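Engineer: coords please:
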Amino acid sequence: MACDVAVLGAGPYGLSVSAHLRNIKGLDVHVFGEPMDFWKSHMPEGMLLRSPWPASNLSDPKNAFSFDAYSDAKRQKVPIPIPLESFVDYGLWFQKQIVPEIDPRKVTRIEPSADGFRLILANGEQFQARRVVIAAGIAPFAQIPAAFQGLPAELATHVSYGSNVSRFKGKRVAVIGAGQSALESAALIHEAGGDVEVIIRAPAIHWLGWRQRMQKFGPLANIFYSRFDIGPAGVSRIVAVPDSVKYFPRGVQDAFRRRALRPAGSRWLIDRFKNIKVTPAHYVESAKPAGEKLQLRLNDGSTREVDHAVLGTGYKVDITRYPFLPAELSQKVTLVNGFPRIGVGFESSVPGLHFVGAPASWRYGPLMFFVCGTDFAARRLALHMASSGSRNGSR
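Structural biologist: Next up, the predicted model:
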């Protein structure tokens, strides 16, 4: 089988890109992946989205399938903050409306071929594509600190590795990290009956919410913060326009990314933290099994014995960690600290191989880490495909 464009991934970026590409007359697009799988299978049950309502829309060419449209179609009011199950249901509704045909089979390998790329599926079947768009998300980029590497999953897991928090009822759990995923996991585990301690390197938890507090000043808030509410005052406005980011010196771009992605938690978590122990200005130097327990040694020499450690330690983009990219292909992609160097059409140094989502943030900034970046990515990629002769056997 063959197509013009194969899209790997059916999360927010994969679905949005596919919606736009399918709108290009004569372009044969094939989408691989389980719709919204990362959000369904890897996020904690009971999670609420950090992103505000305007930043939680997937993208389609006519903006006809927004969260508002979903809410109207379902005849139900979605709470704010948005519950995980509502966002997943919205993504599945979006997929059924505009990207109805999806191939759930797993792509295990991508190989260059004479006419583009050969995709090897898990069942051994082969698929030919002139171009490939990788929208495979961030799960392979989960960052495991050195102290926890090699530990069995019974004792330590990254927040992206499991969704069932009820398993921690009656257990002692150390949550490592000060970002939204770590803090919300701690709250959920505590509410499920777990005994939680949050260990963070920073001197205190950084709580978000300046934009909301500035709303009392009316339009003044919009001068400093975009409706997506990503990053601090001023930076928020810049990173909301991905095309503007690349005009800043590299060091400034890196600073934007660090500030916009710094570990922080939504203010609506504060009340849920009243009875959760937080140990600031500490980190785990070593983690070793002790029978069925896990013994942690902190940098001050103190120890903890816990049943489990949940690692909310973030993600580090490195496309060589995508399991379907063999070394002989990934080594041809020009990389900068694990990020692919991409052009205006999200095309890497390997012609026809495109990356969207977090891997594109080296060029287009931190918005690419968030759902709200789907609109820019999908429209820009579709424009490139429409004008680059990707159809009817030409490239």
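
Engineer: Could you list the low-pLDDT ranges of the stretch 251-395 of the chain?
Structural biologist: 389-395 (pLDDT under 70).

Engineer: Helices of that one, start to end?
Structural biologist: Shown for the stretch 251-395 of the chain, the helices assigned by DSSP state H, counting those that start in this stretch span residues 327-330, 361-364, 374-387.

Engineer: for the last one, packing partners?
Structural biologist: By that I understand helix 374-387. Counting contacts by 3 or more CB pairs under 8 Å, 6 or more residues apart in numbering; DSSP states H and E, helix 374-387 is packed against helix 12-21. (Each C-beta comes from the backbone N, C-alpha and C, glycine too.)

Engineer: now the angle from the helix it packs on to helix 374-387?
Structural biologist: 40 degrees (axes from the mean of the first three to the mean of the last three CA atoms, to 10 degrees).

Engineer: after helix 12-21 comes which helix or strand?
Structural biologist: The helix or strand immediately downstream of helix 12-21 is strand 29-32, counting by DSSP states H and E.

Engineer: List the neighbours of that next one that are in contact with it.
Structural biologist: 1, 3-10, 14-15, 18, 21-22, 99, 101-107, 119, 127, 129 (CB atoms under 8 Å, 6 or more residues apart in numbering).

Engineer: Among the residues you listed, which lie within strands?
Structural biologist: 3-8, 107, 119, 127, 129 (DSSP state E).

Engineer: Just send those residues back as a markdown table, with distance to residue 48 and neighbour count too.
Structural biologist: Below are those laid out as a markdown table (distance: CB to CB, whole Å; neighbours: other CB atoms under 10 Å):
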| residue | distance to residue 48 | neighbour count |
| --- | --- | --- |
| 3 | 38 | 18 |
| 4 | 39 | 22 |
| 5 | 35 | 26 |
| 6 | 34 | 25 |
| 7 | 29 | 31 |
| 8 | 29 | 23 |
| 107 | 32 | 21 |
| 119 | 36 | 25 |
| 127 | 38 | 19 |
| 129 | 37 | 26 |
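
Engineer: Count the neighbours of residue 142 for me.
Structural biologist: Neighbour count of residue 142, defined by other CB atoms under 10 Å: 18.

Engineer: from the chain's centre, how far out does stretch 272-289 sit?
Structural biologist: 25 Å (CA atoms, centre = their mean, to the nearest Å).

Engineer: Output it as PDB - backbone C-alpha positions only.
Structural biologist: Provided in PDB are the C-alpha atoms of stretch 272-289 (Å, rounded to 0.1, in the frame of the first residue of the first chain):
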ATOM      1  CA  ARG A 272      -5.500  20.700  47.700                       C
ATOM      2  CA  PHE A 273      -2.000  20.900  49.100                       C
ATOM      3  CA  LYS A 274      -2.900  22.000  52.600                       C
ATOM      4  CA  ASN A 275      -2.300  18.600  54.100                       C
ATOM      5  CA  ILE A 276       0.500  17.400  51.800                       C
ATOM      6  CA  LYS A 277       4.100  17.500  53.100                       C
ATOM      7  CA  VAL A 278       6.500  19.400  50.800                       C
ATOM      8  CA  THR A 279      10.200  19.200  51.300                       C
ATOM      9  CA  PRO A 280      11.800  22.100  49.400                       C
ATOM     10  CA  ALA A 281      15.500  22.600  48.400                       C
ATOM     11  CA  HIS A 282      16.200  18.900  48.400                       C
ATOM     12  CA  TYR A 283      16.900  16.200  45.800                       C
ATOM     13  CA  VAL A 284      17.400  12.400  45.800                       C
ATOM     14  CA  GLU A 285      21.000  11.400  45.600                       C
ATOM     15  CA  SER A 286      20.300   7.600  45.600                       C
ATOM     16  CA  ALA A 287      17.400   5.300  45.400                       C
ATOM     17  CA  LYS A 288      17.800   1.600  46.300                       C
ATOM     18  CA  PRO A 289      15.400  -1.300  46.900                       C
END
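
Engineer: Pull out the buried positions in that stretch.
Structural biologist: The neighbour-count criterion (16 or more other CB atoms under 10 Å) identifies 272-273, 276, 278, 282, 284, 287 as the buried residues of stretch 272-289.

Engineer: Need the contact partners of that stretch.
Structural biologist: Under CB under 8 Å, 6+ apart, the answer for stretch 272-289 is 145, 147-148, 151-152, 155-156, 174, 176, 183, 186-187, 190-191, 196-205, 294-300, 309.

Engineer: now do 6 Å
Structural biologist: If you take CB atoms under 6 Å, 6 or more residues apart in numbering as the criterion, stretch 272-289 is touched by 147-148, 186-187, 190, 196-201, 203-204, 294-299.

Engineer: what about burial for the residues you listed, which qualify?
Structural biologist: By neighbour count, with 16+ other CB under 10 Å, the contacts of stretch 272-289 hold 147-148, 186-187, 190, 196-200, 294, 296, 298 as buried.

Engineer: ok so, going back, quick one: which of the ones in strands among the contacts of strand 29-32 is nearest to residue 261?
Structural biologist: Nearest to residue 261 among the ones in strands among the contacts of strand 29-32, counting by CB to CB, is residue 8 at 24.0 Å.

Engineer: what number of residues lie near residue 259?
Structural biologist: Neighbours around residue 259, by other CB under 10 Å: 16.

Engineer: is it true that it touches residue 235?
Structural biologist: Yes. Using CB atoms under 6 Å, residue 259 is in contact with residue 235, at 5.4 Å.
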